[in-house]
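**Q** my questions are about this predicted structure, shown below with the sequence.
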Amino acid sequence: MKKGYKKVERMTGAMRLIHWVNFFSMIVAIATGLYIAAPYYQTLIAEPAVNKYVMAWNRWGHFIVAIIFDVTSIVVAYLYFFSRFEKPYKKVLPTAKNIKEFFAVLMNLITLNRSKNFDSSHSDSFNTVYFTIFHLLLAWMLFTGLQLYVHGLESGQSSIGTWWPALLHLATDWTIPVSHALVGSSGGVATIMDVRISHHATMWLIIVWVVFHIYYQVWRTIFWQEGDIAIAFGGSKFVKENDKAQS
């Protein structure tokens, strides 16, 4: 360890596991989702894609990672409020301290680290708000995805009974009018197509989020020189012992 720095834990093992499970699940979800929306490959041989169940396998993979996202989202939602390590919700409350820190971190980014008037040894308000937006987008993807799924069960039947489609309708039918309000289809009537368009558009918002997230973590690592990029791998970073807040 470099002299004058101390090691600070920023992510527990469970948090890192969720991070990387979501990372790989997202790659699968995007690849399969794009194929479901517009099939962009057939097979490696001349045999028709329908004979090899290409769409079926893509839909299966998409559904499996959606289930994984459901589970991790429940865990993340619990940790958001009740984690013994840190409680992120405290950082998104509009208190004077949080607002000041949020804009201090934003100015640090805008001015290319010329101003650093905050403690970077902990999760700051800017990053917490940013990650909260991600999980809200992910939650919307899950609800709209389940609405698209239950729409395929038009008979109201499923392999485990009628209660499952009924429960999904109860939990996700509200996404139809909300999606219509968001995308404003020309028909004037809320339909499942509004949900499909909203689901697809949100995917691109998440991709933009991921691109900025990777860029920003590399940016922090270069400018702050505190090893932020290592947080997702080892759970820790390094901060100056006697100069947490710099100006």
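**A** Arrived safely, thanks for sending.
**Q** the host helix or strand of Tyr149: how far from the chain's middle?
**A** In the assignment (DSSP states H and E), Tyr149 maps to helix 125-151. Computed by CA atoms, centre = their mean, to the nearest Å, the separation of helix 125-151 from the middle of its chain amounts to 7 Å.
**Q** show me what it is packed against.
**A** Applying 3 or more CB pairs under 8 Å, 6 or more residues apart in numbering; DSSP states H and E, we find helix 125-151 packed against helix 54-82, helix 89-92, helix 96-110, helix 163-172, helix 175-183, helix 192-224. To be clear about C-beta, it is placed using only N, CA and C from the backbone, and glycine gets the same treatment.
**Q** just send the ones you listed back as a markdown table, with mean neighbour count too.
**A** Listed next are those as a markdown table, based on neighbours: other CB atoms under 10 Å:
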| stretch | mean neighbour count |
| --- | --- |
| helix 54-82 | 15 |
| helix 89-92 | 16 |
| helix 96-110 | 15 |
| helix 163-172 | 15 |
| helix 175-183 | 18 |
| helix 192-224 | 16 |
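**Q** so what's the spatially most central residue of the chain up against?
**A** Against the mean C-alpha coordinate of the chain, by CA atoms, centre = their mean, the closest residue is Phe134 at 4.2 Å. Phe134 is in contact with 206, 209, 213, counting by CB atoms under 8 Å, 6 or more residues apart in numbering.
**Q** returning to that earlier point: just the buried residues of the helix holding Tyr149, please?
**A** 125-131, 134-135, 137-138, 140-151 (16 or more other CB atoms under 10 Å).
**Q** next, the angle helix 175-183 makes with that helix.
**A** 130 degrees (axes from the mean of the first three to the mean of the last three CA atoms, to 10 degrees).
**Q** average pLDDT for helix 125-151?
**A** Helix 125-151 carries an average pLDDT of 95.
**Q** got the angle between that helix and helix 163-172?
**A** Helix 125-151 runs at 140 degrees relative to helix 163-172, counting by the same axes, to 10 degrees.
**Q** what angle do helix 125-151 and helix 96-110 make?
**A** Using the same axes, to 10 degrees: helix 125-151 against helix 96-110 is 90 degrees.
**Q** got the angle for helix 125-151 vs helix 54-82?
**A** For helix 125-151 against helix 54-82, the angle by the same axes, to 10 degrees is 140 degrees.
**Q** now do helix 125-151 and helix 192-224, the angle between them.
**A** Helix 125-151 runs at 150 degrees relative to helix 192-224, counting by the same axes, to 10 degrees.
**Q** what is the burial count for the spatially closest residue to Thr162 that is not a sequence neighbour?
**A** Excluding the flanking residues, the one nearest Thr162 by CB to CB, 6 or more residues apart in numbering is Gly156, at 5.5 Å. Applying other CB atoms under 10 Å, we find 11 residues neighbouring Gly156.
**Q** so what's Gly156 up against?
**A** Neighbour list for Gly156: 162, 165-166 [criterion: CB under 8 Å, 6+ apart].
**Q** with that, I have no additional questions.
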